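Trainee: have a look; sequence and predicted model below, questions after that.
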Amino acid sequence: MSNSHQPEISKASVVLFNVKYSANLGDGVLSECLEGGLVNYGFASDKVRSADLAARTKFSVNSAGRGRLLSLLDGMPKNLRQSLLMIPLRYLLKSKWSPFYGRNLNVADVVVVGGGNLFTDMDRNFPTKISAVMRLAAKRNLPLAIYGVGASGVWSDASIREMRKALEACRPFYISVRDEQSKSTFESLFADSIGCQVAVVRDPGILASRHYVSRQLSNSQVSGASRKKIGLCVTAGSALRYHSDLTLDDEKLRDLYQECAVGLIEKGFDIALFTNGSSEDRSFLENELSHLKTKYPSHVQIQQADTPDQLVSIISSLDALVAHRMHALIVAFSYNIPIAALSWDPKIRAFMDSVGMSSATLDTAHTSSVEIINNVVQLLSTNSVPDNSAFIDESTEHINLLGQAIEQALAKKLGR
């Protein structure tokens, strides 16, 4: 710990509110990277922890109910869906979430909301939860920061009002978002409700290769074999449709993955099929694509992760990655693995543009398997991955700036 730190930093309890224990293990990756970054800055490892906004306390990727719920919601008109969901949201907020938030805030000296795509209004879910955290923090006079969040989508008037009141109540001492588009969205919605500038920082997940350290060697690296391993990170159509305006149906998505796998095998590659952990993705892989393992037993692996470090281990063993999931792409980028991004949400393109990889971004709604295969072949033949060391260093520096802002907020609270 640097001597420049205030003595209180080693004693300060920093509670991060995010979705660390989401079934999408990418959320766990970025949460653990942010925790690790703050510890590296100088906060005590036993004083930095995440509180999950859904009151989860462990990783669990076998929630069959989540997949069924997404399928049900996928077929509902948006207005009806929002009206129906507000009933369980209010009940859970009162009975489960607020008490959980309160217990965590009771042991906090400072609060950080982030990272992840938290400032989005999917059926009023995140606005309800985050505004509750902010109001409870304000009642306890706890300094609160927002770090590295995504801000996107169309917000309901009710969610905007709720979030503005919460921001005005807690007055964050520091706010940052993860890309320019998020900054534009955040400021357009909440500029009048905040008392500080909005910074743009790197997603904490870029630190994966430093936080998890070792890279697993791919089959080709271990054996020297000529066949390289390409990862296909499988995402269910219901997840893509629920979180975006994409209209791609399950059959077309299955065909796209299948054609990519077969085409890449015919090009001389081996395939690793995996998911980011969500139950709907796992079910889609098992029901629609597992037959590829039977048909091509020597060239197809099916790998699943139950924890963030296992997900990182799978991704770091690849020679290239094709994925819709943002944090699968970010982890691969951190390990300098070539990536072909299947864009379905503005956040994917925003990330790829921000690291100079626009040419490796393909629009899911309009791309073909041939284009994806050709893109992968070109990436591997030209080793088209920019030097990521500057981006990793930048992410570290951004977390250090958060650490400095926390120190200043604590000093101000103590009247120093």
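Mentor: Done, it's in.

Trainee: okay, CA-based contacts and neighbour counts for the rest of this
Mentor: Noted.

Trainee: part of a helix, is Leu401?
Mentor: Yes: under DSSP: H, G, I helix; E, B strand; the rest coil, Leu401 sits within a helix.

Trainee: residues near it, how many?
Mentor: Neighbours of Leu401 under the rule other C-alpha atoms under 10 Å: 15.

Trainee: which pLDDT value belongs to it?
Mentor: Per-residue confidence (pLDDT) for Leu401: 98.

Trainee: any chance you could map the strands in this structure?
Mentor: Remark: strands assigned in the chain by DSSP state E are 14-18, 48-52, 110-120, 144-152, 174-177, 198-200, 229-233, 270-274, 300-302, 320-323, 339-343, 361-363.

Trainee: reformat these as TSV; add mean neighbour count, distance to Ser283 and mean pLDDT.
Mentor: Listed next are the strands of the chain as TSV, based on neighbours: other C-alpha atoms under 10 Å; distance: least, C-alpha to C-alpha, whole Å; pLDDT from 0 to 100:
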stretch	mean neighbour count	distance to Ser283	mean pLDDT
strand 14-18	26	25	98
strand 48-52	21	24	98
strand 110-120	24	24	96
strand 144-152	25	27	97
strand 174-177	25	33	98
strand 198-200	18	36	97
strand 229-233	25	13	98
strand 270-274	25	11	98
strand 300-302	20	13	98
strand 320-323	24	17	97
strand 339-343	25	20	96
strand 361-363	18	24	95
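
Trainee: turn the ones you listed into a markdown table, columns for distance to Tyr212.
Mentor: What follows is the strands of the chain, written out as a markdown table (distance: least, C-alpha to C-alpha, whole Å):
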| stretch | distance to Tyr212 |
| --- | --- |
| strand 14-18 | 20 |
| strand 48-52 | 17 |
| strand 110-120 | 18 |
| strand 144-152 | 20 |
| strand 174-177 | 24 |
| strand 198-200 | 24 |
| strand 229-233 | 19 |
| strand 270-274 | 19 |
| strand 300-302 | 22 |
| strand 320-323 | 19 |
| strand 339-343 | 19 |
| strand 361-363 | 26 |
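
Trainee: out of the ones you listed, flag the one nearest Ile330.
Mentor: Distance to Ile330, taken as C-alpha to C-alpha, is lowest for strand 339-343 among these, at 9.1 Å.

Trainee: just the CA atoms of that closest one, as CSV, please.
Mentor: This file holds the C-alpha atoms of strand 339-343, laid out as CSV (Å, rounded to 0.1, in the frame of the first residue of the first chain):
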residue,chain,number,x,y,z
ILE,A,339,-12.4,-12.0,-31.6
ALA,A,340,-15.2,-11.9,-34.0
ALA,A,341,-18.1,-10.0,-32.3
LEU,A,342,-21.7,-10.7,-33.3
SER,A,343,-23.3,-7.3,-32.6
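
Trainee: identify the residues contacting it?
Mentor: For strand 339-343, the surrounding residues in contact (C-alpha atoms under 8 Å, 6 or more residues apart in numbering) are 320-324, 329, 332-333, 348-349, 352, 360-364, 372, 375-376, 379, 385.

Trainee: same deal with stretch 304-320?
Mentor: 25-26, 28-29, 59-61, 208, 212, 215-219, 228-231, 274-277, 303, 321, 328, 331-332, 335, 337-340, 376, 380.

Trainee: same check, this time on stretch 86-102
Mentor: By C-alpha under 8 Å, 6+ apart, stretch 86-102 touches 51, 53-55, 123-125, 128-129, 132-133, 136.

Trainee: again, 10 Å this time
Mentor: Outside stretch 86-102, the residues within contact range by C-alpha atoms under 10 Å, 6 or more residues apart in numbering are 17, 51-56, 104-105, 108, 123-125, 128-129, 132-134, 136-137, 140.

Trainee: what residues of that stretch count as buried?
Mentor: Going by neighbour count (16 or more other C-alpha atoms under 10 Å), the buried part of stretch 86-102 is 89, 92-93, 97-98, 100-102.
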